[in-house]
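*Asks:* Next input, structure requested:
(one chain, ligands or ions: 1)
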Amino acid sequence: MSGESIRPSVKAYCLKVPKQLGEKAIKLSTKLDILNGELEILRDGDYIFVPLKKSPIEEQLDEMKKEVAQFEISTCDFYRREKPIRSIVDFLSDKLPPHLLASVPRSIDFIGDIAIVEVPPELETHKRLIGEAILHVFRRVRSVLAKSSAISGVYRLREYEVIAGSDKTETVHKEYGCKYHLDPRKVYFSPRLSYERYRVASQVSEGETVIDMFAGVGPFSILIAKVRRNVLVYAVDINPNAIEYLTKNVYVNNVYGRVIPILGDTRDIIRSRLRGVADRVIMNLPERAIEYIDAACLAIKPSGGVIHYYEFSESPYVTEDAKERISEAIKGAGRRMEAILSERSVKEVAPFKWQIAVDIKIQ
Ligand SMILES: C[S@@+](CC[C@H](N)C(=O)[O-])C[C@H]1O[C@@H](n2cnc3c(N)ncnc32)[C@H](O)[C@@H]1O
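*Replies:* Predicted coordinates:
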């Protein structure tokens, strides 16, 4: 057989047939259960060499004689079939020892064509290999980022390190038919909130005025304006980069005039321009939302409305303590919590730490 290769080969029984009988020979050896599927079929000149698990017995040979006009049984050297790489663990299986393979991150966030992972300390020296594995398995990914800090600061950002692919971290993320231009290094964005955004948007009625107090690049605001034609959404954020992307996203999603991007501190904006205008307020700043309940209450129409409130909790449900605290804060702002419309755990953000959502009817 021609062709040189450094791939190791193994000797096995083979069924040699002229190439025009190849398909028949493969089908027959499959039917007789003697085809060796772990080895590659060889083609050489006018012949095909089908790898067999064992030498055919008398009856099998008789059947071959009936079905295939011309054949020969011998032994040859075959290459092993390469296993398809379907996961990052498959890709890394011959590159990392088993104890490290067990730590390979299973959870990957995809924002547009960017993949984001948390590399555990024991894999720190292998992080570029992990990045390569992700690029190899997820073909549409262009950059792989490793989280290198916790989320912090007023803008709720974290630091990332590019561990594979392009250094350009601006991307376009698609969610529920909307497109969001963003750079995760400059603005907050979590693909894990997609269902929560859909859940909130589907509660909005035609004719409502909504204030998205901590809007980011606009995933709540824009989805609302996409699913309801006759709404007005004020989308406020203090991060100039978020407002820049939000303004672009308003145009690319055709919601211009119905989503109004506003740069500034949400309390100042509500006090100066948005008192008593809202049927609904979204407070997606879980670590500090309680401090802004007064502003949310000021924004709600005198006739009442709904607040979508978020906070972090050490339990995956809304505790009585939390409800009491929220109710007191609303009372302190001169309004009353008429009812809790719904409560749910949105996502686990760390071990024993959850983001929870409470929909509150304000009188
Ligand atoms: C957790 S992010 C939520 C972003 C967006 N709602 C989303 O789902 O992607 C909170 C946002 O609030 C903004 N922010 C923080 N404090 C603010 C304030 N006082 N006024 C307006 N925006 C604020 C941050 O810049 C950040 O974009």
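*Asks:* Can you pull the domain assignment for the protein?
*Replies:* The chain breaks down into these domains under automatic domain parsing: 9-79, 88-169, 190-362.
*Asks:* Kindly reformat these as TSV containing mean pLDDT and distance to Tyr176.
*Replies:* All C-beta spots, glycine's among them, are computed from the backbone N, C-alpha and C. Written out in TSV, the entries for the domains of the chain read as follows (pLDDT from 0 to 100; distance: least, Cβ to Cβ, whole Å):
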stretch	mean pLDDT	distance to Tyr176
domain 9-79	93	43
domain 88-169	95	15
domain 190-362	96	6
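*Asks:* which one of those domains lies closest to Glu175?
*Replies:* Distances from Glu175 to each of these were compared using Cβ to Cβ; the minimum, 5.1 Å, belongs to domain 190-362.
*Asks:* Report how far apart the opening and closing residues of the closest one are.
*Replies:* As for domain 190-362, its first-to-last residue distance stands at 28 Å under the measure Cα to Cα, to the nearest Å.
*Asks:* How about the residues of the stretch 151-300 of the chain by the ligand?
*Replies:* Remark: the part of the stretch 151-300 of the chain in contact with the ligand comprises 154-156, 188-189, 193, 214-216, 219-220, 236-239, 242, 265-266, 284-285, using Cβ under 6 Å from any ligand atom.
*Asks:* Of the domains of the chain, which is nearest Asp183?
*Replies:* Taking Cβ to Cβ, domain 88-169 is the member of these nearest to Asp183, at 5.2 Å.
*Asks:* Tell me which of the domains of the chain is the most buried.
*Replies:* When neighbours are counted by mean count of other Cβ atoms under 10 Å, the highest per-stretch mean among those falls to domain 190-362, a mean of 19.
*Asks:* Just checking the distance from that one to the centre of its chain.
*Replies:* Here the centre of domain 190-362 is set off from its chain's centre by 23 Å, with Cα atoms, centre = their mean, to the nearest Å.
*Asks:* one step back: need the domains of the chain in a markdown table (columns: distance to Tyr180).
*Replies:* Formatted as a markdown table, the entries for the domains of the chain read as follows, by distance: least, Cβ to Cβ, whole Å:
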| stretch | distance to Tyr180 |
| --- | --- |
| domain 9-79 | 45 |
| domain 88-169 | 8 |
| domain 190-362 | 5 |
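*Asks:* if we can go back for a sec, from the residues of the stretch 151-300 of the chain next to the ligand, which land in strands?
*Replies:* Helix and strand membership here follows DSSP state E; of these, those in strands are Val236, Asp237.
*Asks:* ok, and what's touching the helix or strand hosting Ser345?
*Replies:* Using DSSP states H and E, Ser345 falls within strand 337-350. Strand 337-350 is contacted from outside by 190, 192-193, 196, 304, 306, 310, 312-313, 316-318, 323, 326-327, 330-331, 354-363, using Cβ atoms under 8 Å, 6 or more residues apart in numbering.
*Asks:* Contact partners for Leu145?
*Replies:* Under the criterion of Cβ under 8 Å, 6+ apart, the contact partners of Leu145 comprise Ile114, Ala115, Ile116, Val117, Tyr160, Glu161, Val162, Ile163, Thr169, Pro184.
*Asks:* Return the member of those nearest to Arg140.
*Replies:* Ala115 (9.5 Å).
*Asks:* did I read that right, the closest one in a helix?
*Replies:* No - with DSSP: H, G, I helix; E, B strand; the rest coil as the criterion, Ala115 is strand rather than part of a helix.
*Asks:* if we can go back for a sec, pull up the pairing partners for the strand holding Ser345, direction included.
*Replies:* In the sheet containing strand 337-350, the strands it pairs with under DSSP bridges are strand 353-362 (antiparallel).
*Asks:* who's in contact with the strand it pairs with?
*Replies:* Contacts made with strand 353-362 from outside it, assessed by Cβ under 8 Å, 6+ apart, are listed as 196, 203, 286, 297, 300, 304-318, 322-323, 326, 330, 335-349.
*Asks:* ditto for stretch 75-84
*Replies:* Contacts of stretch 75-84 with the rest of the structure, by Cβ under 8 Å, 6+ apart, involve 1, 5, 7-14, 16, 36-40, 42, 49, 51, 90.
*Asks:* unless I'm mixing things up, Gly305 is touching Val277, no?
*Replies:* No - the pair Gly305 and Val277 fails to qualify as a contact (Cβ atoms under 8 Å) at a distance of 9.7 Å.
*Asks:* Please work out the average pLDDT along the helix or strand His181 falls within.
*Replies:* Secondary-structure assignment from DSSP H and E places His181 in strand 178-182. When pLDDT is averaged over strand 178-182, the result is 98.
*Asks:* Show me what that strand is packed up against.
*Replies:* strand 171-175, helix 219-227, helix 240-252 (3 or more Cβ pairs under 8 Å, 6 or more residues apart in numbering; DSSP states H and E).
*Asks:* if I pick Ala322, what's in contact with it?
*Replies:* Applying Cβ under 8 Å, 6+ apart to Ala322 gives the contacts Glu311, Ser313, Ile356, Val358.
*Asks:* same thing with Ala225?
*Replies:* Going by Cβ under 8 Å, 6+ apart, Ala225 touches Val231, Val233, Asn253, Val255, Arg258, Val259.
*Asks:* What does the first one show for phi and psi?
*Replies:* When you say that, I think you mean Val231. Note on Val231: backbone dihedrals following degrees, to the nearest 10 are phi -140, psi 160.
*Asks:* Need the nearest residue in space to it, chain neighbours excluded.
*Replies:* In space, not counting the residues next to it along the chain, Val231 is nearest to Glu208; the distance is 5.3 Å by Cβ to Cβ, 6 or more residues apart in numbering.
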